[in-house]
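Q: The sequence and its predicted three-dimensional model are supplied below.
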Amino acid sequence: MVEKEFLKKILVPIDQSASSLMAEEVAADVAKHAGSAVTVLHVVPMSFQYAEMDLTYSVPSKVTDEIVGLLEQKGERAIDEARVLFGGEKVPVETELLKEYDAADTILQYSRDGFDLIVMGAHGENEKDPYALGSVTKKVVMHTKSPTLIVKKVTKLESMLVCTDGSERSIKALAYAVKLAGKVGSKITLLNVQDHRLHQASPKAAQELGEQIVSKAVETAGRGNVNIEKRLEVGVASDTIVQVAEKGKHDVIVLGSRGLSTVKRFLLGSVTDDVTQKARCSVLIVP
């Protein structure tokens, strides 16, 4: 059986935010190294919220048409700018502009067409916090079946912090990271964080368990030709991961997504959710 070519198609949802532009630049660099084709998607919103206006009447259709027209022109400019950016990097690019009521649902539906990676900004143009996730990005990450790179800074992915707890999902994340690192020339630090309570009860047991987890992860996922450094830490997992990423100046944190039920996907609080919200570097989530 012939193995599917890795990272053949990348989807880049855009708007005109600074966060979106950063995602385009990172996607262009990844695509150039991996030989990927990029599809740029812009969704023109067809629903409008007037939260600060007390309207007792319906918005006239003429006004609605004018608003949609302006948003469509804005979207076309964003598409044109993206086409220039990817063209300048000699990355094959296709573009799509859709008019829909829900941007996140549209991205999710569109991404089912065989994309190997989604690259998107952490938030839209109306968000003030440069690191927190916007509602569209958050919804896509919660429900997508595609690996998703959430871009918070423009960097080359030269240093990856891959987190493992020994679970199948974290080993899958490592395997994906190894393939990506092989394409873009990254080095990997494989991190396991042991709970401080286990460490307090038996430091030796915590150390041995951590070593077993990272060794098994590498053995199962493979390392290819990628340099993998193993690291063990003790503490609260999400906080420790973010701290290690900042101190080590890693470009991206790689985590497996949660394997949760439909209801639980709407609840925050997992390590993946916490890291995605708190990290100041980009985060790659692998389903």
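A: Right, received. Where do you want to start? Residues are numbered from 1 along each chain as shown.

Q: Where do the helices of the stretch 101-250 of the chain begin and end?
A: Applying DSSP state H, counting those that start in this stretch to the stretch 101-250 of the chain gives helices spanning 103-111, 135-143, 168-184, 196-201, 203-221, 237-247.

Q: Outside of the last one itself, list whatever touches it.
A: For helix 237-247, contacts defined as Cβ atoms under 8 Å, 6 or more residues apart in numbering pick out 161, 163, 165, 189, 191, 193, 195, 231, 233-234, 250, 253, 255, 271, 274-275, 278-281. All C-beta atoms are positioned from the backbone trio N, CA, C, and that covers glycine.

Q: what lines up beside the helix or strand following that helix in the sheet?
A: Following helix 237-247 in sequence order, the next helix or strand is strand 252-256 (DSSP states H and E). Here strand 252-256 is paired, per DSSP bridges, with strand 159-163 (parallel), strand 282-286 (parallel).

Q: Please export the C-alpha coordinates of the first one as PDB.
A: In PDB, the C-alpha atoms belonging to strand 159-163 read as follows (Å, rounded to 0.1, in the frame of the first residue of the first chain):
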ATOM      1  CA  SER A 159      12.100  24.500  17.300                       C
ATOM      2  CA  MET A 160       9.100  22.400  18.200                       C
ATOM      3  CA  LEU A 161       8.000  21.500  21.800                       C
ATOM      4  CA  VAL A 162       6.000  18.300  21.500                       C
ATOM      5  CA  CYS A 163       4.100  17.300  24.600                       C
END
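
Q: Report the mean per-residue pLDDT for that strand.
A: Average pLDDT, strand 159-163: 97.

Q: hmm, back to that, buried subset of the contacts of helix 237-247 as a PyMOL selection?
A: Of the contacts of helix 237-247, the buried ones go into a single PyMOL selection, burial set by 16 or more other Cβ atoms under 10 Å:
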select buried, resi 161+163+165+189+191+193+233+234+250+253+255+271+274+275+278+279+281
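
Q: Now render the strands paired with strand 252-256 as CSV, adding distance to residue 73.
A: Shown next, in CSV, are those (distance: least, Cβ to Cβ, whole Å):
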stretch, distance to residue 73
strand 159-163, 39
strand 282-286, 30
